[in-house]
Each structure stands twice: as structure tokens, then as C-alpha cells.
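A.B. asks: coords below, sequence missing:
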């Protein structure tokens, strides 16, 4: 059955990034359709009723619609069990990967996303310094990432998983805005950025940016 991934038109959503990387890692055939969030297209033409939450990313798999990036990852993992895994094989490692992905979505990291939005990664860089609140969030990011980062291997667990892509993404909010990132974490994130599934999304051609309505 045909798979359609609904993306933001600027290709800057970190959660579309996750879904797109997941589909590529699963070697799934899919089509991308862009939703112009800045024009409110997510509110039109039945999109909210189909997706239930009216957000991107959303997946349409032969008429079955699913939104939210981690739900999509879990769905693809079960739908395509013989394809390369998106989450670790070990039960405990899978739990840890889910923990990290959940934490990246938490309020602990929100000040980073708020003050270094993805538009500053792929369009105009941020000009204002980080607030004290965001600096604290960055410090905690470095602490948490340091606890997760392994020694002697390139990925968080025995093999690459989707948590590697997500951790590299949030770290690149800082790298691409010129912040001083600890060398070990920077090296890890930059190596992850070279993975073909990641590079494809990062280097995708982007239309001129229009700020989203507040």
C-alpha cells in the first residue's frame, strides 16, 4: 500500500525529520506532500479529521492516517519488522532510547527549541544570546548527553537507532548557531549528520522562509 508522509513546506520540523529518517532507514517507498503551515493548510480539507491532531508529520498508509513522530516510528517498526531496526534490539536499550526521545520532547529542552528554532538552522542564524533559562537547558542537555554517549563506538547503542538522529538534531541547533559544544558531543553529532538518511533531509532544497503566525 502507498505511504504518504505529510511534511511542513520549509522542511524544518524536527519531528518530520524523525519520520523521514525512519522511512529511509526502513527503505520504505513513500511520497512526501508538503503542508503550508504558514498558510494554515493544516486546518483545511479534512486534514484535522484525518490526522486527529492536525499536525505534521502525518502518515497516510493506504487510508490509515497516523500523526506524531514517535507513533510513526513505532508503527513503521511493527509494520516492517524485517527491515533495519529503528529502535535497539535489546528490551532495556529500547527503553533507554525511548527515554531519551521522550526527554528531548520535554520541557527540559523546550528553551533551546524556543530560542534556537529550526529556522535558525536552515535560514537566518539567531542573533540574540541565550537567556539564563536556555543556558540552563543547554547545560542539562550536555550533562544528559554525556551520560548517554558511549565510549568506543559511534552510536548510542550497539547499532544506530532513531535516538541517535534526534540527539544529533538538538545538538545541531547549537552547533549551527555557533555555540561552543563539548568536543566529544560535537564529534558525535557531526558524525551522525553524515548518515545518508539524515544528510538527505538536511540538504533538501528549501523554499524562502515565511514566519509562522504567532
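C.D. replies: Yes, it's here. Since the model is a prediction, treat every value here as computed from it, not as a measurement.
A.B. asks: so how many other residues sit close to residue 146?
C.D. replies: By the measure other C-beta atoms under 10 Å, the count of residues near residue 146 is 11. From N, CA and C alone the C-beta is placed, and that goes for glycine too.
A.B. asks: ok, it - contacts?
C.D. replies: 182, 184-185 (C-beta atoms under 8 Å, 6 or more residues apart in numbering).
A.B. asks: ok, which stretches of the protein are helices?
C.D. replies: 14-25, 47-51, 69-79, 91-104, 110-115, 119-122, 132-148, 162-175, 183-192, 196-202 (DSSP state H).
A.B. asks: can you pull the buried residues of the fifth one?
C.D. replies: It stands for helix 110-115. For helix 110-115, the neighbour count (16 or more other C-beta atoms under 10 Å) marks 111-113, 115 as buried.
A.B. asks: residues in contact with the helix or strand of the chain with the lowest mean pLDDT?
C.D. replies: Least confident helix or strand, the chain: helix 47-51 with a mean of 93, by mean pLDDT, DSSP states H and E. If you take C-beta under 8 Å, 6+ apart as the criterion, helix 47-51 is touched by 6, 35, 41-42, 54, 58, 60, 65-67.
A.B. asks: Determine how far it lies from the middle of the whole chain.
C.D. replies: 22 Å (C-alpha atoms, centre = their mean, to the nearest Å).
A.B. asks: which residue sits closest to residue 75, ignoring its sequence neighbours?
C.D. replies: Of all residues not flanking residue 75 in the chain, residue 66 sits nearest, at 5.7 Å (C-beta to C-beta, 6 or more residues apart in numbering).
A.B. asks: same question, residue 204
C.D. replies: That would be residue 11: by C-beta to C-beta, 6+ apart, it lies 5.0 Å from residue 204.
A.B. asks: got the contact list for that neighbour?
C.D. replies: 122, 201, 204, 206 are the contacts of residue 11 under C-beta under 8 Å, 6+ apart.
A.B. asks: Now, of those residues, which are buried?
C.D. replies: Burial by neighbour count, 16+ other C-beta under 10 Å: within the contacts of residue 11 this picks out residue 201.
A.B. asks: Closest one of the contacts of residue 11 to residue 160?
C.D. replies: Nearest to residue 160 out of the contacts of residue 11 is residue 201 (C-beta to C-beta; 15.1 Å).
A.B. asks: so what's the closest one up against?
C.D. replies: 11, 17, 20-21, 24.
A.B. asks: residues near residue 169, how many?
C.D. replies: Using other C-beta under 10 Å, residue 169 is surrounded by 23 other residues.
A.B. asks: Nice, that's everything, thank you.
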